[in-house]
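>>> turn this into a model:
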Amino acid sequence: MDASTLLGRVAEAYANLKSLSADILTITESGDEASRSRSEQRSKAYFVAPDKIRIEQGGSHESLFVCDGVVLQTFFAPIKRHSRVNVHEGSFLPGFFRPDHPLLGGPPDFLFHHVNERVASAEMLPEPATGIQALSVSYEPSPYPQLVSGSPVTYWVDSGTHLIVRAEGKISHRRPASDEISTQNKVLSFDLKPGAAVAPATFEYAPPADAISGPGGRAGGGGSAGGGHMIRTGRNRGNWMESRNSHEWDGEILIERYNLRIHGMDLMFERRITFSDDRKEVRISERIAGPSGEAHGDFLLPLA
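Down below sits the predicted model:
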């Protein structure tokens, strides 16, 4: 069997799944010969066709992703952050493999319906064990600004079920609105139970009473925090953007920064927030910088 045929059978196997439960071990290694770090995270995942998903991640970054086919909920336990968004037909949900961002991170990929899309090259590798087929796959780079590249990917496929039992690849991450690049090696190992009965209540979720509503994320450490994301708002290149948020303290002044890269331009929004000693008013000073200059604004807001 050639690699293209095997990829087609893998995609078909996942497309035909009625249900699946999985125990997942994610191993991430980063660094160089002088300094390396290694982390492990165990997750449990559940799927009922076509779009019900639950992913539970443990450890210090404990999180939960639940989709009942209508609403996707996320809960990040360390910061008690809960969010709800409506899902649309054809959306890439948590756990779905994306060929433009293979093995991206966050909740682990465990549903490989799209594994044979955007393939640039694929080759069979020597069989590592009885009943297991291995292949290496490179994917076409996305035409849009890249936060992550993760190609090629090596898959170990169960010859009987054509489901993936192991996936490994290197991920290069470019921080949003900067040129810093870091590389990680990621290995996903799967203990799969296709066709397993999954109770309907698995996809129901009520957040804790003290949960904080808002966009999902992870807390930063020390005196500053930052995060980045890429959002596609349309099908053409001009409707892609990437952004990075950060905050820090300068004495009693809270400084928030938002870097935006859009339409090939870089914009920076800075807000300085200063509370009066009696906390009865707050002064907000804003600065917006673009390719050709800056704009400033200053506001005084009564609080009592």
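
>>> so what's Phe275 closest to, chain neighbours aside?
With sequence-adjacent residues excluded and distances taken as C-beta to C-beta, 6 or more residues apart in numbering, Phe275 is closest to Val282, at 5.1 Å. For every residue, glycine as well, the C-beta is placed using N, CA and C.

>>> count of residues packed around the one you found?
For Val282, the neighbour count with other C-beta atoms under 10 Å is 15.

>>> in a helix, that's where it is, yeah?
No - in this structure, Val282 is strand, not part of a helix, as judged by DSSP: H, G, I helix; E, B strand; the rest coil.

>>> that one against Arg272, yeah?
No - counting by C-beta atoms under 8 Å, Val282 sits too far from Arg272 to count as a contact (10.6 Å).

>>> about what we covered before: contacting residues for the residue nearest to Phe275?
273-276, 300-301, 303 (C-beta atoms under 8 Å, 6 or more residues apart in numbering).

>>> in TSV, list these along with secondary structure and neighbour count.
Formatted as TSV, these follow (DSSP: H, G, I helix; E, B strand; the rest coil; neighbours: other C-beta atoms under 10 Å):
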residue	secondary structure	neighbour count
Ile273	strand	16
Thr274	strand	16
Phe275	strand	14
Ser276	coil	13
Leu300	strand	10
Leu301	strand	9
Leu303	coil	10
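
>>> in the sheet, which residues pair with the residue nearest to Phe275? Tell me.
With DSSP bridges applied, the residues forming beta bridges to Val282 are Phe275, Leu301.

>>> ok, Ala124 touching Ala134?
Check again: residue 124 is Met, not Ala. Yes - assessed by C-beta under 8 Å, Met124 is found in contact with Ala134 at 7.3 Å.

>>> between the two, who's got more neighbours?
Neighbour comparison, Met124 and Ala134: the larger count goes to Ala134, with 18 against 15 (by other C-beta under 10 Å).

>>> neighbours of the closest residue to the more buried one other than its chain neighbours, how many?
Counting by C-beta to C-beta, 6+ apart, Ala134 lies nearest to Leu125, which is 4.0 Å off, once chain neighbours are set aside. For Leu125, the neighbour count with other C-beta under 10 Å is 13.
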